[in-house]
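S.K.: here is a sequence with its predicted model. Questions after.
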Amino acid sequence: MKDSEFFGHVTAVAPGKVNMSLRVGPLRADGYHDVATLYLAVSLTEEVTAAPREDEAITVSLSERSAFTDVQFQDPESGETVTAAIPLDESNLAHRAATLLRQRLGHRRGVDLTITKNVPVAGGMGGGSADAAATLVACSALWEAGLSKEQLAELGSELGADVPFAILGGAAVGQGVGDELSPLLTRGELHLVIVPSNTGLATPEVYRRLDVMRGDAEVEAEEPVLDPDLVRAVSTADAELIASLMSNDLQAPAVSMVPSLEDMMDVGLVDGALQGMVSGSGPSVLFLARDAESAGQLATRLEDRTSVWAIPVSGPAPGAHLLTHRPGE
Ligand SMILES: C[C@@](CO)(OP(=O)(O)O)[C@H](O)COP(=O)(O)OP(=O)(O)OC[C@H]1O[C@@H](n2ccc(N)nc2=O)[C@H](O)[C@@H]1O
Ligand SMILES: Nc1ncnc2c1ncn2[C@@H]1O[C@H](COP(=O)(O)OP(=O)(O)O)[C@@H](O)[C@H]1O
């Protein structure tokens with residue numbers, strides 16, 4: 001008897017990510033940008049449980065264990081803060097992932113998807129992409145699809161540029177729009193502290209702001225390339241060297257949209273971080289620490305001195321995978 005028949009449901013987890021380097025090229029005709037990025041999967045994970053239904057419906061709900069259930073955005077016109085719930089309809093990335101997979105498999109079986117969100121929403125850490133990745137892995141097992149990780153990653157690239165990396169995990173160089181991955185062999189662990197923001201940033205708006213800033217400064221965007229020394233430093237987990245080389249082209253636009261990020265990064269440096277940087281399109285901030293102990297101390301100091309939530313994490317973390325059910329669960 002197979003797991004899915006016996007327990008009736010399948011659970012998968014997938015990691016959030018940070019970009020230890022994010023280089024952005026010129027705007028393309030399709031609205032995307034070519035990037036060269038160094039992804040690092042971190043130990044902050046999303047969990048998706050897929051339970052079969054008798055009918056054809058696909059439903060999405062959030063588990064009560066979720067650390068995040070909504071997100072606040074600043075209205076660009078009025079400046080007012082608006083709270084937006086995570087969409088649970090067909091626009092949810094988990095819903096889209098299940099729909100895409102069953103189309104590919106040629107059936108219309110229904111599924112109830114329950115997401116436990118631990119990755120900040122609209123925070124530049126690929127939380128929605130991790131939900132899509134975990135859903136592909138969970139539903140693929142539930143429906144006995146027999147697809148490889150590579151095949152799931154290819155499907156995932158239709159859902160978002162970051163989805164293939166959430167399936168692969170570890171550390172990888174991303175090119176193209178971020179979906180062409182070259183896995184990086186690594187030894188050693190990196191220790192970081194993540195500071196989520198109260199407000200979210202919409203990824204397309206941050207890319208757009210970068211284009212505007214470049215246009216205003218009459219800066220010609222170059223083809224994106226990564227510093228090979230940084231790639232080597234990540235593969236050997238050389239935190240001090242990484243600290244001197246890490247960079248993010250989306251940091252300036254993200255800071256121009258949320259100026260308080262600058263102060264947050266300064267506070268972290270004073271409190272002992274080796275380096276601070278905006279994660280992806282922001283506004284989560286990542287701090288690099290020397291080791292696990294320093295990361296723990298930094299998180300405590302940040303929480304004591306400011307009213308922020310500071311989460312120690314490590315990486316590289318594994319990509320999307322099934323959780324084994326234990327009898328009685
Ligand atoms: C910035 C990054 C860095 O890893 O991640 P986040 O910080 O958002 O998590 C990624 O490039 C985001 O990836 P993801 O969030 O999957 O993007 P998608 O859903 O595919 O695209 C959303 C929108 O972002 C812009 N976009 C995305 C990727 C890219 N290489 N160029 C772009 O210009 C486009 O406007 C696109 O319509
Ligand atoms: N499963 C999901 N989890 C979170 N957000 C989702 C999901 N599906 C769709 N979204 C939409 O995508 C937006 C950004 O999602 P998220 O992946 O958390 O951010 P980021 O792209 O910054 O990593 C959210 O504001 C929400 O409207």
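M.R.: Looks like it arrived, so ask away. Ligands and ions are numbered 1, 2, ... in the order given.
S.K.: so which residues of the protein form helices?
M.R.: Per DSSP state H, the chain carries helices over the ranges 3-7, 93-105, 127-142, 149-156, 163-168, 203-216, 228-235, 239-245, 251-257, 260-270, 292-305.
S.K.: can you redo these as JSON lines with mean pLDDT and distance to ligand 2?
M.R.: C-beta coordinates here come from the backbone N, C-alpha and C atoms, glycine included. Formatted as JSON lines, the helices of the chain follow (pLDDT from 0 to 100; distance: least, CB to the nearest ligand atom, whole Å):
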{"stretch": "helix 3-7", "mean pLDDT": "47", "distance to ligand 2": "22"}
{"stretch": "helix 93-105", "mean pLDDT": "98", "distance to ligand 2": "4"}
{"stretch": "helix 127-142", "mean pLDDT": "98", "distance to ligand 2": "3"}
{"stretch": "helix 149-156", "mean pLDDT": "97", "distance to ligand 2": "13"}
{"stretch": "helix 163-168", "mean pLDDT": "98", "distance to ligand 2": "10"}
{"stretch": "helix 203-216", "mean pLDDT": "97", "distance to ligand 2": "4"}
{"stretch": "helix 228-235", "mean pLDDT": "98", "distance to ligand 2": "20"}
{"stretch": "helix 239-245", "mean pLDDT": "98", "distance to ligand 2": "21"}
{"stretch": "helix 251-257", "mean pLDDT": "97", "distance to ligand 2": "10"}
{"stretch": "helix 260-270", "mean pLDDT": "96", "distance to ligand 2": "14"}
{"stretch": "helix 292-305", "mean pLDDT": "96", "distance to ligand 2": "21"}
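S.K.: select, out of the ones you listed, the one closest to Glu47.
M.R.: Among these, the nearest to Glu47 by CB to CB is helix 127-142 (6.7 Å).
S.K.: centre of the chain to that closest one, how far?
M.R.: 13 Å (CA atoms, centre = their mean, to the nearest Å).
S.K.: helices or strands next to that helix in the packing?
M.R.: Contacts defined by 3 or more CB pairs under 8 Å, 6 or more residues apart in numbering; DSSP states H and E place helix 127-142 against helix 3-7, strand 10-27, strand 33-52, helix 93-105, strand 111-116, helix 149-156, helix 163-168, strand 321-323.
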